[in-house]
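A.B. asks: Below are the sequence and a predicted model for it; my questions follow.
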Amino acid sequence: MSKQSTVHFHRMKDMPSTHLLGTGTPMCAGCGGLETLHTLYDILGDKTVFVNAAGCMTLLSVYPFTPFRGGWLYTAMASAPAGAQGVRDAVDILLQKKKLSADENVEVVVITGDGAAYGMGMSATSGAMDRNLDFIYLCYDNEGYGNTGQQYSAATPHAAITSTSKGSHGYPGYKKDLFSIWAAHSPAYVATVIAAEPLDLAKKVEKLQSMTGPRMLISLAPCPPGWDYDAQLSVEIGRLAVQTGVWPLKEFIDGEVRHTKVPKQRKPVEDYLQLQGRFRHLFAPRRDATGIAEIQARVDDYWALAATK
Amino acid sequence: MTRKLLTGNSAAAWGARLAQVDYIPAFPITPQTEIIENLAAWIDRGEMPARLVTLESEHSMITAAGSAASSGVRAFTATSSQGLLYGMEMIYTVAGWRTPFVMVNVSRGLASPITLESDHNDIMAARDSGFLQIHCATCQEIADSILIAYRLAEHTQVRMPAIVNLDGFYLSFTREPVDLADASKARAFVGEYDPENLQFRGNSPLSQAMAVLGGGPYSYFRYEMHLALQHALSVYDEVVDEFAEIFGRRYDMIDCYQMEDAEYVFVMVGSFSTKARDAIDSLRAAGRKIGLLRPRLFRPFPQAQVRQLLQGRRAVAVVDQNISMGMGGVLHSEFATALYGASDAPLLASYIGGLGGRNISQQEFFAIADELQQASEREVAPPPRLLYTEEELTEMRKLQAIAQAEHAEIHQH
């Protein structure tokens, strides 16, 4: 397979103008995960095999329909990276035996939600990175067990109301730092992305195409039903996640972490929070100034630390 | 053909080697580990052109075996006990992928309490998954069954994964002489792996294991699996006939010993059946008409053959090396199902023994034979028995006394 990408993404008109992924899937309107998948798939092209774990995107392919031009394998919640291992190894064996020609090679892409990536599937993901598996992993992170109705997961941010944290203060825990956990394995590439910043996403996909080994993407996936906002706000909320510094866009290559889009003047976090029903308790019936300040302080601390590196 | 002294584990590794497997996702677990160690050594020395990858769990290992077989290569893997249970979600899942590969399970009792020694509760837990199951009693049978299992699993009208089962320690670590099939004959017998429609290719929209909506499509696919397994009964006969023709060894789906005129029958699977054979030799010498019926093929279950072989016998003792809590022996239930309503059916008795490697002594087989005879005279089946001796209970009481003394001592301090 050619690891040379011929397209360079400088401005929006460089982006693919048509989608490879078919329409009519049961994904929710405004799904931030689906938008990321579109961009990833459009750039990678159709010689891809997707290996999926239990999550929202399990429903992309429902018998007898598939929106994909290439292969799709549903595994289970915990073992999508192991499924990718089997496909990759088998294709390599067939290439070696000349039972497949070089142009029949495929890129193997794991797609899982945060439920699998941050929790149940972490062991299999760690193992795949240990083995330096040549694959791409896309985690669409909607910060909860979305497909079962948005219960909190290890990816849920502090104070978010979920269907298992409905109390007046929301989820008491803090979002796990999956980027650092993945980066600690020193895979070829780790990046955070978001569909609302398509050029940043496209550049990262272009970059990982030139690499081999584990190439890991975590996409924040704004989720209208899970986060309780109107679907038309998905892009705006995604942009605000970046502009407020809540979702830092960054990448890990060769032991170094680099921020790819640093907001010059970070907007206050409440701009991001107040658009989402899951944080409404911070603003009504009374404004929870302490709660908002705590979230702001954690974001500020993150960027202060990032500036020292 | 070469004759070697091999452990059951080595025989299993040879089976995989002779079957020309391409890919071995692996994970160590006692008492299976020697299988993957042997394979890894051959691959490292360049004697076997295959790829072995150690996954981080059996759950992942079985996923990778299934996805590799679905991508066009012949896969082999092996596990035991806790490993089989850890991977159980994927055992059921990959069976639904209709992806043919072979897994060896080296039977070992399940926790808790934890043990390394053998019984069949692990493999019985995979009973309803869709995997074909072949149970072995000798090291020779292990090597041969792996070749047979690939033919059966990959058959165009079956297309299901298969488990070849052998007993931990009693077979895994016991050396027996094994005739290894000539490599070229084995290659010709097993043939090239034909993935049929299971191939992921660039720009080819193939979906595997996708969701269905509603019970109609779900039931259809599940019934298809059941029918494929049932069809595997006749395919099995074809495959073993061909095997016998080429290699001179017969592996009927049910192994019969001294059954011709037998009025009484022991039913067992696995290597402990060789203990029953010994007992039968002694009993026969004393003039008792008793034989052994050993299902080699356990899934699909050869119901009609069981019924035909047991009709007209006086009494049958099913000796289970497993226990379904609150019900009893699994094999006993299966035999009861097969015999229910049959005219001239024998009395059926249930014995549980050999859990966690516990021996079943010759005296116990003799006692079972006596009980069968008495039952037949009274025309009432005996109640189910859990085999355990006075001596074992005395030893257990001693262990309990020590445990209690230790407990008391800790509380004093």
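C.D. replies: Done, it's in. All values derive from a computational prediction rather than experimental measurement. Residues are numbered from 1 along each chain as shown, chains lettered A, B, ... in the order given.

A.B. asks: SS state for A:Glu251?
C.D. replies: Using DSSP: H, G, I helix; E, B strand; the rest coil, the three-state assignment for A:Glu251 comes out as strand.

A.B. asks: wouldn't it be in contact with A:Leu217 here?
C.D. replies: No: under the criterion of C-beta atoms under 8 Å, A:Glu251 lies out of contact with A:Leu217, with a separation of 9.5 Å. Heads up, the C-betas are built off the backbone N, CA and C, glycines and all.

A.B. asks: residue boundaries of the strands in the stretch 201-309 of chain A?
C.D. replies: Using DSSP state E, counting those that start in this stretch, the strands found in the stretch 201-309 of chain A span residues A:214-220, A:249-253, A:256-261.

A.B. asks: Kindly report the same for the stretch 1-150 of chain A.
C.D. replies: In order along the chain, the stretch 1-150 of chain A carries the following strands (DSSP E, counting those that start in this stretch): A:48-52, A:71-74, A:107-113, A:135-141.

A.B. asks: Out of those, flag the one nearest B:Asn165.
C.D. replies: Proximity of the strands of the stretch 1-150 of chain A to B:Asn165 was assessed by C-beta to C-beta; the nearest stretch is strand A:71-74, lying at 27.7 Å.

A.B. asks: got the CA positions of the closest one in PDB?
C.D. replies: The C-alpha atoms that make up strand A:71-74 are tabulated as PDB, following Å, rounded to 0.1, in the frame of the first residue of the first chain:
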ATOM      1  CA  GLY A  71     -15.000  -4.400   4.900                       C
ATOM      2  CA  TRP A  72     -16.700  -4.100   8.300                       C
ATOM      3  CA  LEU A  73     -16.300  -6.500  11.200                       C
ATOM      4  CA  TYR A  74     -18.200  -6.200  14.500                       C
END
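
A.B. asks: per-residue confidence averaged over that strand?
C.D. replies: Strand A:71-74 shows a mean pLDDT of 92.

A.B. asks: Show me what the lowest-mean-pLDDT helix or strand in chain B is in contact with.
C.D. replies: Lowest on mean pLDDT, DSSP states H and E among the helices and strands of chain B sits strand B:207-208, with a mean of 82. With contact meaning C-beta atoms under 8 Å, 6 or more residues apart in numbering or on different chains, strand B:207-208 is reached by A:61, A:63, A:66, A:68, A:71-74, B:70, B:97, B:198.

A.B. asks: Please apply the same query to stretch B:124-133.
C.D. replies: Residues from elsewhere that reach stretch B:124-133 (C-beta under 8 Å, 6+ apart): B:84-85, B:88, B:91-92, B:95-96, B:103, B:105, B:110, B:123, B:149, B:152-153, B:158, B:160-163, B:165, B:225, B:229, B:232, B:297-300, B:322, B:324, B:330.

A.B. asks: Throw together a PyMOL command that grabs the buried residues out of those residues.
C.D. replies: Typed into PyMOL, the next command selects the buried ones out of the contacts of stretch B:124-133 (criterion: 16 or more other C-beta atoms under 10 Å in any protein chain shown):
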select buried, chain B and resi 84+85+88+91+92+95+96+103+105+110+123+149+152+153+158+160+161+162+163+165+225+229+232+297+298+299+300+322+330
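
A.B. asks: Now do stretch B:369-379, average pLDDT.
C.D. replies: The average of the pLDDT scores along stretch B:369-379 is 97.

A.B. asks: what does the domain assignment say about chain B?
C.D. replies: B:2-247, B:254-391 (automatic domain parsing).

A.B. asks: tell me the most buried of those domains?
C.D. replies: For the domains of chain B, the largest average neighbour count (mean count of other C-beta atoms under 10 Å in any protein chain shown) is found in domain B:2-247, namely a mean of 21.

A.B. asks: So what would you say the end-to-end distance of it is?
C.D. replies: Here the two ends of domain B:2-247 are set 12 Å apart, with distance taken as C-alpha to C-alpha, to the nearest Å.

A.B. asks: from the middle of its chain, how far away would that domain be?
C.D. replies: If you compare the mean C-alpha spot of domain B:2-247 with that of the full chain, they lie 11 Å apart, counting by C-alpha atoms, centre = their mean, to the nearest Å.

A.B. asks: Same check on stretch B:272-288?
C.D. replies: Shown here is stretch B:272-288, whose average C-alpha point lies 23 Å from the average C-alpha point of the whole chain (C-alpha atoms, centre = their mean).

A.B. asks: then it to CSV, C-alphas only?
C.D. replies: Listed next in CSV are the C-alpha coordinates belonging to stretch B:272-288 (Å, rounded to 0.1, in the frame of the first residue of the first chain):
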residue,chain,number,x,y,z
PHE,B,272,-10.7,-41.4,31.8
SER,B,273,-12.6,-43.7,29.5
THR,B,274,-9.3,-45.7,29.3
LYS,B,275,-9.7,-46.5,33.0
ALA,B,276,-13.2,-47.8,32.2
ARG,B,277,-11.6,-50.0,29.5
ASP,B,278,-9.3,-51.5,32.1
ALA,B,279,-12.2,-52.2,34.4
ILE,B,280,-14.2,-53.8,31.5
ASP,B,281,-11.3,-56.1,30.8
SER,B,282,-11.4,-57.3,34.4
LEU,B,283,-15.2,-57.6,34.4
ARG,B,284,-15.2,-59.4,31.1
ALA,B,285,-12.6,-61.9,32.6
ALA,B,286,-15.1,-62.5,35.4
GLY,B,287,-17.8,-63.2,32.8
ARG,B,288,-19.7,-59.9,32.9
